[in-house]
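Undergrad: Pasting a predicted model and its sequence here:
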Amino acid sequence: MDETSIIISGFGGQGTLFAGQVLAYASMDSGLEVTWIPSYGPEMRGGTAHCTVIVSNETIGSPLVRNPDIVLALNLPSVDKYEDRMPTGGVLIANSSLVPREIQREDITSLLIPVNKIAEEIGLSRLGNMIMVGAMIAIKPILPLDIVKKALEEHIPERHKKTLPMNFKAMDTGFEFANQAQ
């Protein structure tokens, strides 16, 4: 694997930063080089939040990303912001529950996934981030899904450990949805 840059973007409170952390931990646990940079607007909940994760098997020259290889867009402003910045061959996964339009680019791989609906069916509305991570791993397997699950299990705050089975189901559901859509 060469260097892969990922931006996870959405509203504050959607778990964008935590999803990036899980990918960063899984990358480190796999012996890869990784950077994780969080960014959020003036309010964490409700404001814009995104993080940049770079995964590589070589030293990473810069943690800054202008043209992300992969974008997980949990809301419409994120799709609007990043769709045109992606290189040809990139992967854009968008939450169709909050993105009421098709992806315009035909030179990238795109997937619209009803994240909010799936999360509610699983039983916890805050699972959208893990659904997106599972879908991403299916389309662009930069890490094995079981390694990502292990990283989640090891790094989830103690008070949220009881949600692990639902988080795993969210990842599996996103993974299966993406595989069926391809």
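TA: Here it is on my side, so go on. Numbering: from 1, shown residues only.

Undergrad: to the chain's geometric centre, what's the distance from the top helix by length along the chain?
TA: Assignment by DSSP state H gives helix 164-181 as the longest helix of the chain. Between the centre of helix 164-181 and the centre of its host chain there is 12 Å, according to Cα atoms, centre = their mean, to the nearest Å.

Undergrad: And stretch 105-112, by the same measure?
TA: For stretch 105-112, the distance to the chain centre is 16 Å (Cα atoms, centre = their mean).

Undergrad: still on that earlier bit, the longest helix of the chain - contacts with which helices or strands?
TA: Contacts defined by 3 or more Cβ pairs under 8 Å, 6 or more residues apart in numbering; DSSP states H and E place helix 164-181 against strand 109-113, helix 115-122, helix 128-139, helix 145-155. Quick note: C-beta positions are derived from backbone N, CA and C, even for glycine.

Undergrad: who touches Ile60 in this structure?
TA: The neighbourhood of Ile60, defined by Cβ atoms under 8 Å, 6 or more residues apart in numbering, consists of Glu3, Glu33, Val34, Thr35, Ile54.

Undergrad: do the same with Leu98
TA: Leu74, Asn75, Leu76, Val115, Asn116.

Undergrad: Type out the PyMOL command that picks the buried ones from those residues.
TA: Per 16 or more other Cβ atoms under 10 Å, the buried members of the contacts of Leu98 correspond to this PyMOL selection:
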select buried, resi 74+75+115+116
